[in-house]
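> Sequence first, then the predicted structure:
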Amino acid sequence: MPSSSFVRRYNSPLVQVILLGLVCLCCPGMFNALSGLGAGGSMSSNVALTDAANGALYGCFAIVGFFAGSFTNTVGVKTTLTIGSVGYAIYSAAFWVYDRKQVSGFVIAAGAILGCCAGVFWSAQGSIMMSYPEEKNKGKYVAIFWSLFNIGGILGSVIALALNLENEAGGVSTGTYTAFVVIMIVGIFFSLSLSPPSRVVRPNGTQVAVAKSAHWTHELKGVLLLWKEWRMVALIPAFLASNWFYAYQFRVNAVYFSASARALNDTMYWALQIIGSLSIGFLLDYQGLGRRARGLVGLGVLFVVLMAVWAGGFAFQLTFDNSYNNPLGWKDSGFGGPFVLYMMYGLSDALYQTYLYWLMGAMSNDPSLLARYAGFYKAMQSAGAAISFGLDAVDIPLRWECLVCWLLVFVSFPLIFLVANKVTETNMSVDEIAAAEGVDGSDISDKHSNSFVEVSEGKPQYNLA
């Protein structure tokens, strides 16, 4: 029947990841656009206030993120996403209030509220994005999600650009904040449209495992066990680095460019994120190579691109300092070079984070475990962001901020290699492989002579070479 066909398609992993992307388009995507405008879009003199709000945001994010996986597993991914998305609308509304009434306390409080909401939001998001797809599609699904997510950044930047095209002052118009709040509220309603995980069926006929609510002591034990998993510990520098550079990059956008140029930079920053994510996502799912080989090739590409971009960024940073007070407009001479560099910052961000999501997705298919992975990742990521925004708030020389960003990314690569080098060809159990191939489990064992590999929580998984 047509209706049942519609239901099956609606409950497919692809449609659910698209809906997830739309939620993130409207909420964190618009938040990124607001942040990317520099100083939350406000006058550059309020950089300290925005840094304080971001410090509260990422500090709370880091604390909540460690336990977010347990919250997600207990409450459920759909409810968790809805709760988390509310925080983004509150944060954007706080800047609207500040623009009208100059209430700085609300901005900082909203940052703390969003930190708590975002901690659980991204745990649920990671669980869906990494556990719903078939293993051969994990890179592509991350890329699809990341593209939709960053369309939010583009949309927000285009709105800001349209509303501030002739605005050469430091801050954006009040209407910019109003538009952002409305779109974020739409995102809250999108979160309600997601199907429960129990209804999601992959194209190969396998169902998504449903994370069952466990006693809080079991969940706490699961969180603590992540600190004993060498792969997650090895990835900590990468997790810290993955958002560390935002404070520096957004500060450069706020200091060096006029309002209209900042909006244009922001638009292309998120546009290049889409290109970067799609490129590496399809590379990581290329079936002509084994999964481990794809991971290592992708890591090599990642290293070359990021080192080149940060070398160029450091050379650019040596041309000005914190006291720069002659904002460059998009019509001014000399705009082209910094504009291209800022776009490449967006490209490298997408490459780095898409790769990390794919790598974690290659470590397990268990939604409950992946929710903890995502929470741990975002907690460490936010801890790094909190530190970097704190450093930015005390106005250390921008060249040192740039150098720290570059070195932290560089140091992460040898440890990422250790994890990528241990990627197995599958995390599926024999029963799951048999169900997907429509054969008996014993036939799978006869067909493949490889041994089981041990993964978290003692569950054996079949390692197909």
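Looks like it came in fine.

> got the phi/psi numbers for R372?
Backbone torsions of R372, given as degrees, to the nearest 10, read phi -70, psi -40.

> How many residues are close by it?
R372 has 31 neighbours, counted by other CB atoms under 10 Å. (C-beta placed from N, C-alpha, C; glycine too.)

> Skipping its backbone neighbours, what lies nearest it in space?
Once flanking residues are discounted, R372 sits nearest to G69: 3.4 Å by CB to CB, 6 or more residues apart in numbering.

> For the spatially most central residue of the chain, which non-adjacent residue is spatially closest?
Closest to where the C-alpha atoms of the chain average out (CA atoms, centre = their mean) is Q353, at 6.3 Å. Counting by CB to CB, 6+ apart, S242 is the residue found nearest to Q353 once chain neighbours are left out, at 5.6 Å.

> Which helix or which strand is home to that neighbour?
helix 236-256 (DSSP states H and E).

> For that helix, list the C-alpha coordinates in PDB.
Coordinates of each C-alpha in helix 236-256 appear next as PDB, following Å, rounded to 0.1, in the frame of the first residue of the first chain:
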ATOM      1  CA  ILE A 236      41.300  13.500  23.600                       C
ATOM      2  CA  PRO A 237      43.800  15.900  22.000                       C
ATOM      3  CA  ALA A 238      41.800  15.700  18.700                       C
ATOM      4  CA  PHE A 239      38.500  16.300  20.600                       C
ATOM      5  CA  LEU A 240      40.000  19.300  22.400                       C
ATOM      6  CA  ALA A 241      41.300  20.700  19.100                       C
ATOM      7  CA  SER A 242      38.100  20.300  17.100                       C
ATOM      8  CA  ASN A 243      36.400  23.500  18.500                       C
ATOM      9  CA  TRP A 244      39.500  25.200  20.000                       C
ATOM     10  CA  PHE A 245      40.000  27.300  16.900                       C
ATOM     11  CA  TYR A 246      36.500  28.900  16.800                       C
ATOM     12  CA  ALA A 247      37.400  31.600  19.400                       C
ATOM     13  CA  TYR A 248      40.400  32.600  17.300                       C
ATOM     14  CA  GLN A 249      38.700  32.400  13.900                       C
ATOM     15  CA  PHE A 250      35.600  34.300  15.000                       C
ATOM     16  CA  ARG A 251      37.700  36.900  16.800                       C
ATOM     17  CA  VAL A 252      39.700  37.500  13.500                       C
ATOM     18  CA  ASN A 253      36.400  37.900  11.700                       C
ATOM     19  CA  ALA A 254      35.200  40.400  14.300                       C
ATOM     20  CA  VAL A 255      38.400  42.400  14.400                       C
ATOM     21  CA  TYR A 256      39.600  42.500  10.800                       C
END
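
> thinking again about what came up before, can you verify my assumption that the residue nearest to the centre of the chain contacts W146?
Yes. The pair Q353 and W146 passes the contact test of CB atoms under 8 Å, sitting 7.4 Å apart.

> other SSEs contacting the following helix or strand past the helix holding S242?
Remark: after helix 236-256, the chain's next helix or strand is helix 259-284, criterion DSSP H and E. Packing partners of helix 259-284 (3 or more CB pairs under 8 Å, 6 or more residues apart in numbering; DSSP states H and E): helix 28-36, helix 138-163, helix 236-256, helix 291-317, helix 336-361.

> tell me the angle helix 259-284 makes with helix 336-361.
Between helix 259-284 and helix 336-361, the angle comes out at 40 degrees (axes from the mean of the first three to the mean of the last three CA atoms, to 10 degrees).

> Only the buried residues of helix 259-284, if you could.
259-281, 283-284 (16 or more other CB atoms under 10 Å).

> so how far is it from its chain's centroid?
In terms of CA atoms, centre = their mean, to the nearest Å, the centre of helix 259-284 is found 13 Å from the chain centre.

> One more: stretch 407-414?
Centroid separation for stretch 407-414 versus its chain: 19 Å, with CA atoms, centre = their mean.

> Check what contacts that stretch and list those residues.
With CB atoms under 8 Å, 6 or more residues apart in numbering as the test, stretch 407-414 has contacts from 235, 237-238, 240-241, 244-245, 299, 302-303, 306-307, 310, 352, 384.

> returning to what we had before: my understanding was that the residue nearest to Q353 contacts A379; is that so?
No. In this structure, S242 is not within contact of A379 by CB under 8 Å, at 11.8 Å.

> A254 is in contact with R262, isn't it?
Yes. If you go by CB under 8 Å, A254 and R262 touch, sitting 6.9 Å apart.

> Please state the offset of stretch 117-128 from the chain centre?
For stretch 117-128, the distance to the chain centre is 10 Å (CA atoms, centre = their mean).

> ignore the last one, stretch 130-139
So, by CA atoms, centre = their mean, the centroid of stretch 130-139 is 16 Å from its chain's centroid.

> what about that stretch, start to end distance?
One end of stretch 130-139 to the other measures 9 Å (CA to CA, to the nearest Å).

> can you give me the end-to-end distance of stretch 100-108?
Terminal residues of stretch 100-108 lie 16 Å apart, using CA to CA.

> rewinding a little: Q273 versus the residue nearest to the centre of the chain, what's the distance?
Taking CB to CB, to the nearest Å as the measure, Q353 and Q273 are separated by 9 Å.

> Touching both of the two, which residues are there?
W146.

> Give me the pLDDT value at the closest residue to G337 other than its chain neighbours.
If the residues on either side of it in the chain are set aside, G337 comes closest to F316, at 7.3 Å by CB to CB, 6+ apart. On pLDDT, F316 comes in at 94.

> How many neighbouring residues does V301 have?
15.

> pLDDT averaged over the helix or strand harbouring A56, what's the number?
Per DSSP H and E: A56 is located in helix 47-75. Across helix 47-75, pLDDT averages out at 83.

> and what of stretch 296-311?
Across stretch 296-311, the average pLDDT comes to 96.

> Need the CA coordinates for that stretch. CSV is fine.
These are the backbone C-alpha positions of stretch 296-311, laid out as CSV (Å, rounded to 0.1, in the frame of the first residue of the first chain):
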residue,chain,number,x,y,z
LEU,A,296,44.4,6.0,6.8
VAL,A,297,44.0,7.6,3.4
GLY,A,298,41.5,10.0,4.7
LEU,A,299,43.8,10.8,7.6
GLY,A,300,46.7,11.6,5.2
VAL,A,301,44.5,14.0,3.2
LEU,A,302,43.4,15.6,6.4
PHE,A,303,46.9,16.2,7.6
VAL,A,304,48.1,17.8,4.3
VAL,A,305,45.1,20.1,4.1
LEU,A,306,45.1,21.3,7.7
MET,A,307,48.9,21.9,7.9
ALA,A,308,48.7,24.0,4.7
VAL,A,309,45.7,26.0,5.9
TRP,A,310,47.2,26.7,9.4
ALA,A,311,50.6,27.6,7.9
